[in-house]
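Asker: Whatever this is, show me its structure:
(one chain, ligands or ions: 1)
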Amino acid sequence: MRRRPGRDARRRHRRESDPHDRGRRDRRHDDRRAHHRRDDRRDGRRGHRPRATGTATARATSTATRAAAPAGAPAAAASPVGRVGGNLVIYSARKEELMKPLVEAFERQTGVKVTLKSGGAGELAQLIERERGNTLGDVLFTTDAASAEALRQKGLLEPYVSPNAAKIPAEFKAADGAWTGTIGRSRNIMYNTNLAKPEELPKSVYELTDPKYRGKVAMASIREGSVKLWLASMIQERGEDFTVKYINDLKANGLKVLANHTEVANAVSRGEVTYGLVNHYYYVPAKREGQPVGLIYPDQGPNEGGTLVVPLAVSILKGAKNQAQARAFVDFALSQEGQLPLTTQENEFPLTPGVGLGEAAAPGVKPIDEIKRPTTDYAKLADIEKRVVDLFTPILGGGQ
Ligand SMILES: [Fe+2]
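Answerer: Residues are numbered from 1 along each chain as shown. This next block holds a predicted model:
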């Protein structure tokens, strides 16, 4: 039986563009559940609640409106952004609704009038290539650091090392400042607390091939962008042969491949499986709803490689006409005042150590400085990712 846990959740279960879209129009997105939840406990930083506007393939161009300043804004960042004025065009691979809290805070603080153009990460990358030499955009905000890295390598991004990037860990930014991560999502194991025996909780994703987990594990299909990145990162860490064998061993151990992460999280909440490989933000709303779920940060031991954290990145486009405004936006998106509004709807967390979790805070969720991570090299990951699709579509293409 498919059961949605609450009326509000259903109401918010709207069809929208994929926040980590890879430019594939035909793909159903997973994020209907987690991406449209909001927790009402913390109202301090919330202004209004924009309604969804798009469809799975739609892009919206709009001028962000100015909202009243929310109460309880966080303290000033190390390098505050002042009044700038003028205009700024942002190409955003993140849904317009999800960008608005950041954009509105930026507009209030700087007086810059922002135009947002939203689309899939792949579509925007193509647009930026088409506009080479005459870009109509100033800034790219992308859910896909690998595609930002590909644009950097093609000379389509303007290097800018923001003073506010200093504390962002090195793996979440291009060394030349062409792109910088601002918030992130981690790969986790979510489990059903009624079914998992405490002594059997896995500490590593690699334990899940053990017979004691037979038939108890689900993951999402290769169509999920973060599944692709996760496998690419595993190949970077451990090699292709290892990664292929691992996934085949999981399958041989009864792995269920579901269409998307929402299905995986639902299967765990309902007790259809005991363990699910997901991003942390699928756990957060289930936990807040009182579902019997727990969260594991895998591979955190001293001899283990850590778990992947995927950054959402901000860049200035080569030839951007509004340079001062673009730099101010990058500075702002990397500041505490910029990162915290970005956490309000998706429950992703700031990548600056010490800023905390913002709205991602829920029992069991860790801030960036408490997560051991692999040494991901995005300069190489983009190429590996193409190989991942060929390798794993036959194994992990299911779940429709
Ligand atoms: Fe997602």
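
Asker: Can you list the buried residues in the longest helix along the chain?
Answerer: What stands out as the longest helix in the chain, according to DSSP state H, is helix 378-396. Of the residues in helix 378-396, 378, 381-382, 384-385, 388-389, 391-392, 395-396 count as buried by neighbour count, 16 or more other CB atoms under 10 Å. Where you see a C-beta, it was placed from the backbone N, CA and C, and this is true even at glycine.

Asker: quick one: least confident of the residues you listed?
Answerer: Among the buried residues of helix 378-396, residue 382 carries the lowest pLDDT, at 78.

Asker: Please report the distance of that residue from residue 179.
Answerer: 12 Å (CB to CB, to the nearest Å).

Asker: next one: residue 356
Answerer: Distance, residue 356 to residue 179, using CB to CB: 23 Å.

Asker: more crowded one of those two?
Answerer: residue 179 (28 against 18; other CB atoms under 10 Å).

Asker: In this structure the more buried one contacts residue 149, no?
Answerer: Yes: shown here, residue 179 and residue 149 form a contact pair, counting by CB atoms under 8 Å, at 6.8 Å.

Asker: Now flag whichever of the buried residues of helix 378-396 is closest to residue 256.
Answerer: residue 396 (11.1 Å; CB to CB).

Asker: Now for that closest one: which residues touch it?
Answerer: Shown in contact with residue 396 (CB atoms under 8 Å, 6 or more residues apart in numbering): 219, 221-222, 227, 247, 257.

Asker: Residue 139 now?
Answerer: 88-91, 314-317, 320, 326, 329-330.

Asker: pretty sure residue 134 is touching residue 317, no?
Answerer: No: with contact defined as CB under 8 Å, residue 134 does not reach residue 317; the gap is 10.8 Å.

Asker: ok, these two, which is more surrounded?
Answerer: For residue 134 versus residue 317, neighbours defined as other CB under 10 Å are more numerous around residue 317 (23 against 8).

Asker: Can you pull the phi/psi pair for the more buried one?
Answerer: Residue 317 adopts backbone torsions of phi -80, psi 140, taken as degrees, to the nearest 10.

Asker: Need the per-residue pLDDT for the nearest residue to it once chain neighbours are set aside.
Answerer: Of all residues not flanking residue 317 in the chain, residue 135 sits nearest, at 4.7 Å (CB to CB, 6 or more residues apart in numbering). Listed pLDDT for residue 135 reads 97.

Asker: if I've got this straight, residue 135 is in a strand?
Answerer: No: going by DSSP: H, G, I helix; E, B strand; the rest coil, the assignment for residue 135 is coil, not a strand.

Asker: Burial check on residue 303, number of neighbours?
Answerer: 5.

Asker: Could I get the contacting residues of it?
Answerer: Per CB under 8 Å, 6+ apart, neighbours of residue 303: none.

Asker: helix/strand/coil for it?
Answerer: coil.

Asker: re earlier: sort out which of the contacts of residue 396 are in helices and list them.
Answerer: Filtering the contacts of residue 396 for helices - DSSP H - leaves 227, 247.

Asker: Give me the neighbour count for residue 184.
Answerer: 25.

Asker: What strand or helix carries it?
Answerer: strand 180-192 (DSSP states H and E).

Asker: and that strand, how far from the chain's centre?
Answerer: Here strand 180-192 is found 7 Å from its chain centre; the criterion is CA atoms, centre = their mean, to the nearest Å.

Asker: Using PDB, write out every CA atom in it.
Answerer: Listed next in PDB are the C-alpha coordinates belonging to strand 180-192 (Å, rounded to 0.1, in the frame of the first residue of the first chain):
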ATOM      1  CA  THR A 180      32.600  27.200  -4.900                       C
ATOM      2  CA  GLY A 181      30.300  24.900  -2.900                       C
ATOM      3  CA  THR A 182      27.900  26.700  -0.500                       C
ATOM      4  CA  ILE A 183      25.600  24.000   0.900                       C
ATOM      5  CA  GLY A 184      25.700  20.200   0.600                       C
ATOM      6  CA  ARG A 185      24.000  16.800   0.900                       C
ATOM      7  CA  SER A 186      25.500  13.700   2.400                       C
ATOM      8  CA  ARG A 187      25.100  10.000   1.400                       C
ATOM      9  CA  ASN A 188      23.700   8.000   4.200                       C
ATOM     10  CA  ILE A 189      22.100   4.800   5.200                       C
ATOM     11  CA  MET A 190      18.600   5.300   6.600                       C
ATOM     12  CA  TYR A 191      17.100   2.500   8.600                       C
ATOM     13  CA  ASN A 192      13.800   1.400  10.200                       C
END
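
Asker: quick one, it and helix 378-396 angle?
Answerer: With axes from the mean of the first three to the mean of the last three CA atoms, to 10 degrees applied, the angle from strand 180-192 to helix 378-396 works out at 30 degrees.

Asker: by contact count, what packs against strand 180-192?
Answerer: helix 225-238, helix 261-270, strand 275-279, helix 280-288, strand 293-296, strand 309-317, helix 336-342, strand 349-350 (3 or more CB pairs under 8 Å, 6 or more residues apart in numbering; DSSP states H and E).

Asker: Looking at the ones you listed, which is nearest to residue 124?
Answerer: Closest to residue 124 of the helices and strands packed on strand 180-192 is strand 309-317 (CB to CB; 10.1 Å).

Asker: From the chain's centroid, how far away is that closest one?
Answerer: With CA atoms, centre = their mean, you get 10 Å for strand 309-317.

Asker: Give me the common contacts of residue 382 and residue 179.
Answerer: residue 149.

Asker: which non-adjacent residue is nearest residue 384?
Answerer: Residue 384's closest residue in space is residue 232 (CB to CB, 6+ apart), at 4.3 Å.
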